[in-house]
Every structure is written in C-alpha cells, then in structure tokens.
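In: After the sequence you'll find the predicted model.
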Amino acid sequence: MKIIIVGCGRVGQTLAEKLNSDGNDVTVIDMSSSKINEVTAKYDVMGVVGNGATYTVQREAGVDKADLFIAVTNSDELNLLCCVIAKKEGGCATIARLKNPEYSEVTPYLKDELGLAMVINPEYAAAEEIARVLRFPSALLIEPFAKGKVELIKFKLGKESEINNLSVKEVAMKYRSDILICTIERGDEAYIANGDFVFREKDVVSIVASPKNANAFFKKIHYKGNSIKDALIVGGGTITHYLCKILGRSGISLKIIEKDLATCEELSAQWEKISVIHGNGTRKDLLLEEGVEQVDAFVALSDQDEENILLSLFAKEVGKGKLVTRINRTDYDSVINRLDLDTTICPKNITADIIVRYVRAKQNTGGSNVETMYNIIQGKVEASEFIVKENSAIAGVPLKQLQFKENVLIASIFRNRTVLIPHGDDVIQAGDTVVIVTKQLGLQDVRDVLR
Amino acid sequence: MNYSIIKRTLGALLIFEAVFLALPLVTAAIYWEEAFFSFLISIALCLGVGKLCMLGKPKKQTIYNKEGFVIVALSWVVLSLFGALPFYFSGVTGSYVDALFETVSGFTTTGATIFPDGATIEALPKSILLWRSFTHWVGGMGVLVFIMAFLPLSGAQNLHMMKAESPGPQVGKLVPKVKQTAKILYLIYSAMTLVQLVILLCGGMPVFDAINAAFATAGTGGFSIKADGFAGYSNFLQVVVTVFMLLFSINFNSYYLISKGKWKDAFTTEVKAFLAIVFTAIALITANLLLNGIIDYGYSFGEAVRHTAFAVASIISTTGFVTENFDLWPAFSRTILVVLMFIGACAGSTGGGMKVSRVIMLSKEASHEVGRILHPKQVKKITMDKRVVDHEIVRSLNAYFTAYVLIFVVSLLLISLDGHDLVTNFTSVAATINNVGPGLALVGPVGSFSFFSDFSKIVYIFDMLAGRLEIFPMLVLFSVNTWKK
C-alpha cells in the first residue's frame, strides 16, 4: 500500500517503522528537515519537507496515488485540515490523530462529515488500556479478540505459582478449564505453547479465554491477583482525565496526586467522587502519607519516564499494589522489561498498533483474508484473525489431523456468535472466524500455516 | 564496525562480478579467442572468493553511515582488483598495475588508457575490448545500486550506500523504497542504452562497434575500440553519440519525472544551467576556431560546429571520446575544455566532474559572501529550484570542495616526480579525478598514460576512484579512526 504520514513525532516515527517493515511504500511529511533526515536515515521511506496541509506538498508526496493518509502532527486542527485536503485531492482513506477531548467527543460527527476513516486519540487509547488492566490486575496485558468475545490475557508466574514446573499438558489435565495457553515469554525468547512445554517461575504466559472462564481459571490455580478496590495515580494529565471517565462507575476509588493547582481544581470540579491531592507526586513523604503502602494499584502517569519508573519501583518496594507505568520511550525496552514493573503503557505504541492493525486489515481485505492482526509479543509472535472460506485447506478436518507448521496455534474459533476454544477433535467450518497465533510474522493466508 | 556485513556484501559483489564477466566470456567463446581461459579463471576466482565471503550469517544486519561508506569504497577497490584479472592473465597489459589502471579507468568511467597507441588497441582480442567497454556500463550507474536492485541487502539502511555511491550533493529517492528506486534507475539506464544501440545500428555501425560504443557512452566512459576514436564513423553516428553523451549526463531524476509527465519539474535549475553551459561552450569554441583557425584547421562552418559539439559533449559529460585532436586547437578553446572538465555533468547522472549543481551552489555561496561583507547583518539562504538548501548540505559541499582541491594539489605534486611538463601533469590529474579520460599535451586525445611510472599510475588509480565516489568514501577508507574499535 502507498501510505503518507504527516508528522514525524514519536507516533509518526513508530508508524513509519512498522508500516515500512510490513512492506508498504511510506512517504513522510514534516516541516523540519532535520526530522525528515533523521527518519529517512533510519527507515526505508521517502521524506518530503513542508507543510502537510498544503496541496503542493501533498502532491509532491504523491497523494493522488496514495491509499492511506495518516495525520499525526501535534496539532489537532492541522491533522483535520491535512485529512480533509487529502480526501478531497487524493480520495484516499484518512486517519487523524485528535488529542483534544472536545474533539474526541464529536468523533462520529467528524468521521461522517469529513470523511475520515478513523480518528485516533492516543491518550484515550492508553487510558482504555490502563482501565482494562485495573479491572483485571493479574494480567500484564489484556486484548480483546474475536469481536471482544474472548480476551488475550498475559500474566507472569510468581514464585509461589501452582503451575510452575508443570507442563502445558499437565495443566490442562489438572485444572480442566476452558482456556487455551497461547505463548510463553522467557527472558528474550518467545515460545508458542505445545503440550510438553514446562512452565517456570518468571515466565510470562498468555492465554485466550472468555473473561468468565479466565476468572475461573485464575481461581483454580490460586493465582494471586485480587480485584482492585482503590488506585493511586500520580499525574493529572489527559490520560488521567480519560481514566476518570472510563473508571467512573467501575467501583474503583481513585486518588490523584497532581502538582498543578489549576489542573487539580479542574479534575475535582468534574469528578466529585475522586479525591484530588495537590502536591508533588515525586515526594516520598507525600506518597507515604497518601497510602502508597496500602493501595491496590499504583499508576505512574507523569510526563517523565525516569520519574515514572522510579516511583513505580518505590511503590513496589513499600507496597504490594499492582503497578502501571507510563513509558514514552521504547528504545530501552529490554532494560525496562527487566525491572519488574508489571504493566507498562506506551501511548505511541498503542496508537501505532491500532493504526497498523487497521492498515493490515485494509490491505488484506482484497487478496488474502486477514481480518485483524494482533501483536502478542512485540516483533516475535502475532495473532491473525481469518474468516475461513469455502474449500479452505483447514476446513472440514479435525484439528489434530491437520499438519500444522511448527509454532502455529489455532487460538479460537468464532462461530454463530459464540467462541469455541479449540481442542484436537474440533473441526473448522467454512464461515468460521479463526484466530491463528504464529511466529511467522505477517501471515497472509490461512493456508500458510500448513506444512 | 560491522565487519561481517561488509564481508558478506563484498562476497555478493564478487558473485555479481562473475556474472558480469560471463559476457566477455561468451564473446571470447564466439570468436574463439585465447582470452577465454583468462576470463574462465577470473570467474572461478570471483565465485570462489565470493562464496567464501558469503559463508556464515552476519550477526547484525545494520548498516550505519560508517559501514555504508566503507562498503562502497571497498567494493570499488575489490571490484577493480578482480576486474583487472582478465587483462593480467591474458597478457595484454604488461604489469598488474597496468591492468588495474585500465580496470579502474573502466569502472570509474574515466576512459584513460595505458595502451600506448591506437594500433595496440585495435589488435586487442574482442572479448577484452568488450570487457573494457562493459566496465564503463557497470560503473556508470554504480555497481552497488545494481546489487541493491536485485538483492535484499539489509533492509532500511542501504540508503547510506546509495548516498555514498551516487554522484551529487543531494541524493534522494524517486520512490519510497531504495530497492524500487534502484530498479527504476537501472530501467531508465538500460532503456536509454538500448535506444542508442538501435539508433547506432540503424546508422550503419557494425554490431560489435555499436555495442561497445553504446556501453561506453551510457557510462560516459570513453574507451574506444578504434585507433582514431570516432573520426572514422559517419557524421550521423558522430551526431548520435554527441546527443547521447549529453543525455547521459543529465540527472536521471529528470527522466523519471518526464516518464511521470512532470515536464516542468524535470527541467531543474541544474539541467537548464547544464544546457546553457554546453551551448555557450560550443558557441565560444566554434567562434574561436572560425576566427582564429579557419586557415590553420581548414574546417567549414558545419564541420567546426560538429567537431566542437562532439568535443564539448565528450568533455563536459566526462566521456572522453574523440573525433578531432583538440590538443591542436587554439589556447582559448583548449582552456574552455579544461574548465568543462572541472564542471562536469549533472548530479545523479553517470558523468563525473564536480557536478553542475555543486558549481551553482558554490557560486551562489561566494556571491552571498560578498553580500555579507557589504551588509554584515544580511541573512541569505542558498536556494535551488525555490527550495532552501539545507545547511548540512552547504557544509558538506564546502568540505567536498576543499578535499577536492587538496587531493588535486597533492596528486599534482606526486605526479610531477616523473618530470613531465606542467600541462601534461595538470590535465592528467584533471582528466582522472574528473573521470574524463584524455587531457592535453602528452595525455591528449592521441596520447595515453602508458609512459608514467607505476607510482604515478597508482596515484591516478586513487584519483579516479576518489573522483567517481566523490572523495569521501575513499578518505574514510584511509582514515585511522574508521578502523579503530
């Protein structure tokens, strides 16, 4: 696909990297020539210096031949203008990033009236992710699968976990839950579960299950992860604002520490039930005073990565709560992962993932039939949703008789609005939606998983 | 420094060179020449060493700027070292240094030869002649660009290599992907070569001559297979070659834009300036010949224009073909030709020299400097085609010019150890560093580089490579810091 990205900020660069490595023809536009130089030196993309909202610059970037136009500059208004012009001149699908909550509230109107294919709000997406984690604290990550009927849940095995030193097969026999063990991360390695795989302490396991079955499973294995009743949030930025909105009626009581008095007043005016503390959230005594030791969840959402990491580590030391840490920079991922921070939230990655998912889905509606694509383990394991067509090679044969390639797993079957967690005797039928987990990145067709 | 990726790329390069060598091999088989075995051994060596280098997978695929420059510089050195083998094995050149000189002169599209006279060249085996011409074609657009078009080298970062190999101050891509860009460039290049070949054949040139001429023109090289260069061919053929020499010295981006119907964008400031220089030079030299020399040379007006146009196109495109011995022309005409050597072709073409766009930018900078002396607070940006030229590019432009002059001076000094006259020394260095081929006096259109000492020849080899790769890749190769851990 030919894709134009306006704005080479964090999101723009992440998008350029991911979309380019998927084999798309990417052109980036930015006002700053040094930014363009930086991006074109790192990734195999073309750069155009100029204002992305002008027709001449868009034409130079090839808007007339483009399939998709993504505007992710820092200004919402500029993004909208870029998209409107691109839509008018190039007739391509457009995606705009809108940060301002006032615009997000009228998203449907904007999409319809301005012909946008998608509106994305990174902070809102991040807040949704945090909310999901707070509702299901034992998970490191929860992603909706198969139209939200099942979820992919990632969790880490602690020291006292019951399933340590058991194999996947033994776990299935012992607990008899309707869940599917999907992948295991051990250090830098990623594995796709097969029957003989033996769990060890500190493994990060991902399972696919409906929320109900997942809860039952966690209860059976006595996984420690109580539901969260209260959370302490440091930083009162946009994400916090959205988080309040999403968690408003969830029964989790929130406490926010924020430096800026005006922001505090705004928050407390809007959300009566939430306690807002005016103070420096990086001060140890304030944190202790506000109960960092007892709280069920600690959420570090300040703008500084270093501050967030430090605060989370402190909360870990003094308390037992679930940690959520906002990280903006991802280049030192490997170091951060070693720090035992439970869940890290990176708005730019979430945004990029959502857009990449959209692009892949769009790309595959034609030739192949990938519905949606999920990144299960960054750059190592992906899950793809397919609709199985008539005469498909995998239809009509019991799963255990199919000759799958190594490292391939059918994670779920969606049929008649219900989700099956597949077993060896199940048969895939035409019209089913299947989720396939594989190490083979960029899977294009169901047939590719067979030997 | 990522040595394993460098080794691997060089391995791939040698395998490609073996493929290139197959063309003269087939020629040698057709004419059943003894050189067949020289090519066979050379191919075997290329394949053997190439395969050896390709063994093992590199741990890291990343190519940074540093690796890009080193790969490009080493590639050209290795390519030449192995490309010289057929000359050496077949015994047509005396020493290996001679063979290397001839090969480097070929790949860098210089066209300076160590064969002492036309008779020697005409007596060479046909396969050797074809290899000489073919090296021009391979070197013209760049061998790594060729490899990039066909091999998935290392993903994103091979733009660094393209930048190091392609001529010009600003190297951009035509389309988002480097690989696709490389393919388009070679497509344009091959198509134009083919068109020229067909026209030459229609004009009655013998097939073998036409193939050689097309290769040598496309790469703006200049090796000729005839003792008298192009003088023996018909007027029509001379005009065709004149036109194509000029066409190949125009930025290939322009052809891409034309193919997309963007005629207006194709005629950039640089292309316009290039054409202006060409026509001015032709007018001045013709006038000079007619006014001063009509009695001495006996040219009619038509002949004067034709010979002048050929010589101007040949020199500014840095090809170096000859129809007339311009060394006998009046001083003014000869000086214009020497100036043209330095200006050279457009950036992004197959020609050499300093490149028209650099000359334009340097002149603008100089004039702005004058403005700044008169109005110290004046702010003025250098623009090309209504676009501000990045400060980084201006800075590297200045550095390029300085390095260029320094290398020129040092080379001149080293060459003068041989004891020849200043005109010979000056124009020989100018002809090699600008990848032109012929100079004046002893290295003039009828001369050769055979009489220089081996030491001087090595200096020329360096100059030709430095000129083709625009100085810095070669300097990086010889910098101690490059190889430090």
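Out: That came through, no problem. All figures in this text were calculated on a predicted structure; none of them were measured in a lab.

In: B:Pro176: which element?
Out: Element membership of B:Pro176 [criterion: DSSP states H and E] is none; it lies in no helix or strand.

In: pLDDT weak spots in the stretch 151-300 of chain B?
Out: Low-confidence segments of the stretch 151-300 of chain B (pLDDT under 70): B:152-157, B:293-297.

In: Let me fix that, I meant to ask about the stretch 301-450 of chain A.
Out: By pLDDT under 70, the weakly predicted segments of the stretch 301-450 of chain A are A:361, A:364-372, A:442.

In: how close does A:Lys380 sit to chain B?
Out: 16 Å (CB to the nearest CB, to the nearest Å). Glycine gets a C-beta too; all of them are placed from N, C-alpha and C.

In: Cross-check the contact I'm expecting between that residue and A:Lys439.
Out: Yes: with contact defined as CB atoms under 8 Å, A:Lys380 counts as touching A:Lys439 (6.5 Å).

In: Burial check on residue 353, number of neighbours?
Out: In the absence of a named chain, this looks at chain A. Other residues lying near A:Asp353 total 20 when counted by other CB atoms under 10 Å in any protein chain shown.

In: looking at chain B here, not the other one
Out: Close neighbours of B:Gly353, defined as other CB under 10 Å, add up to 28.

In: Leaving out the residues flanking it, which one is nearest to it?
Out: Beyond its immediate neighbours in the sequence, the residue positioned closest to B:Gly353 (CB to CB, 6 or more residues apart in numbering or on different chains) is B:Gly344, lying 1.3 Å away.

In: Ok, B:Leu151 next?
Out: The spatial neighbour of B:Leu151 that comes closest, neighbours along the chain excluded (CB to CB, 6+ apart), is B:Ala12 at 5.9 Å.

In: dump the residue contacts of that neighbour.
Out: Under the criterion of CB atoms under 8 Å, 6 or more residues apart in numbering or on different chains, the contact list for B:Ala12 reads B:Gly50, B:Met54, B:Ile147, B:Leu151, B:Leu153.

In: Make a PyMOL selection of the buried ones in these.
Out: Selecting only the buried members of the contacts of B:Ala12 in PyMOL, with burial defined as 16 or more other CB atoms under 10 Å in any protein chain shown, works like this:
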select buried, chain B and resi 50+54+147+151+153
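
In: A:Lys380 and A:Lys439: which is more packed in?
Out: A:Lys439 (19 against 16).

In: Excluding chain neighbours, what is closest to the more buried one?
Out: Counting by CB to CB, 6+ apart, A:Lys439 lies nearest to A:Asn407, which is 4.2 Å off, once chain neighbours are set aside.

In: picking up where we left off before, shared neighbours of A:Lys380 and A:Lys439, which are they?
Out: Counting by CB under 8 Å, 6+ apart, the shared contacts of A:Lys380 and A:Lys439 are A:Ala190.

In: secondary structure class for residue 27?
Out: Unless you meant another one, I'm taking chain A. Classification of A:Thr27 using DSSP: H, G, I helix; E, B strand; the rest coil returns strand.

In: That was the other one, I meant chain B.
Out: Applying three-state DSSP to B:Thr27 yields a three-state assignment of helix.

In: okay, now the domains of chain A?
Out: Partitioning chain A according to automatic domain parsing yields domains covering residues A:2-120, A:138-220, A:230-345, A:360-449.

In: With respect to B:Phe20, which of those lies nearest?
Out: Among these, the nearest to B:Phe20 by CB to CB is domain A:2-120 (26.3 Å).

In: tell me the mean pLDDT over that closest one?
Out: Predicted confidence along domain A:2-120 averages 88 (mean pLDDT).

In: Make JSON lines from the contacts of B:Ala12 and add distance to A:Thr238 to it.
Out: What follows is the contacts of B:Ala12, written out as JSON lines (distance: CB to CB, whole Å):
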{"residue": "B:Gly50", "distance to A:Thr238": "57"}
{"residue": "B:Met54", "distance to A:Thr238": "52"}
{"residue": "B:Ile147", "distance to A:Thr238": "49"}
{"residue": "B:Leu151", "distance to A:Thr238": "47"}
{"residue": "B:Leu153", "distance to A:Thr238": "43"}
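
In: From the contacts of B:Ala12, pick the one nearest chain A.
Out: Out of these, the one with the shortest distance to chain A is B:Leu153. That distance is 10.8 Å, counting by CB to the nearest CB.

In: Going along the chain, name the helices of the stretch 251-400 of chain A.
Out: Defined through DSSP state H, counting those that start in this stretch, the helices belonging to the stretch 251-400 of chain A, from first to last, are A:261-270, A:284-289, A:305-318, A:333-337, A:347-364.

In: Of the domains of chain A, flag the one that's most buried.
Out: Across these, averaging neighbours per residue (mean count of other CB atoms under 10 Å in any protein chain shown) puts domain A:2-120 on top, at a mean of 20.

In: Chain neighbours aside, what residue packs nearest to the single nearest residue of the stretch 1-150 of chain B relative to chain A?
Out: Taking CB to the nearest CB, chain A has its nearest neighbour within the stretch 1-150 of chain B at B:Asn65, 7.6 Å off. In space, not counting the residues next to it along the chain, B:Asn65 is nearest to B:His160; the distance is 5.1 Å by CB to CB, 6+ apart.

In: Now do A:Gly148, the pLDDT please.
Out: Among the per-residue scores, A:Gly148 holds a pLDDT of 61.

In: what sits against the spatially closest residue to B:Phe267 that is not a sequence neighbour?
Out: Spatially, and ignoring its direct neighbours in sequence, B:Phe267 is nearest to B:Ser254 (7.3 Å; CB to CB, 6+ apart). The neighbours of B:Ser254, taking CB under 8 Å, 6+ apart as the test, are B:Ala266, B:Phe267, B:Thr268, B:Val271.

In: Can you report phi and psi for the residue of the stretch 1-150 of chain B closest to chain A?
Out: Its backbone dihedrals place B:Asn65 at phi -50, psi -50, with angles given as degrees, to the nearest 10.

In: Now for whatever residue of the stretch 101-250 of chain A ends up closest to chain B: which residues touch it?
Out: Proximity to chain B, evaluated over the stretch 101-250 of chain A using CB to the nearest CB, is greatest for A:Asp188 at 14.6 Å. Residues in contact with A:Asp188 (CB under 8 Å, 6+ apart) are A:Ser334.

In: measure it to A:Asn349 for me?
Out: A:Asp188 is 18 Å from A:Asn349, where distance means CB to CB, to the nearest Å.

In: try A:Ala117
Out: 21 Å.

In: Can I get the helices of the stretch 251-400 of chain A in CSV including distance to B:Leu201?
Out: Formatted as CSV, the helices of the stretch 251-400 of chain A follow (distance: least, CB to CB, whole Å):
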stretch, distance to B:Leu201
helix A:261-270, 79
helix A:284-289, 85
helix A:305-318, 68
helix A:333-337, 61
helix A:347-364, 46
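
In: Now for B:Ala149: which residues touch it?
Out: Residues touching B:Ala149, when contacts are defined by CB under 8 Å, 6+ apart, comprise B:Lys179, B:Ala182, B:Lys183, B:Leu185, B:Tyr186.

In: Report pLDDT for the residue nearest the centre of chain B.
Out: The geometric centre of chain B, computed from its C-alpha atoms, lies nearest to B:Thr109 (CA atoms, centre = their mean), at 3.5 Å. Per-residue confidence for B:Thr109 comes out at a pLDDT of 94.

In: Thought B:Phe223 was touching it, still the case?
Out: No: the pair B:Thr109 / B:Phe223 is not scored as a contact, 9.2 Å apart, by CB under 8 Å.

In: Find the residues that touch each one of the two.
Out: Both B:Thr109 and B:Phe223 are in contact with B:His136, where contact means CB under 8 Å, 6+ apart.

In: Surely B:Lys246 and B:Ala313 touch.
Out: Rather than Lys, residue B:246 is Leu. Yes: taking CB under 8 Å as the definition, B:Leu246 is a contact partner of B:Ala313 at 5.0 Å.
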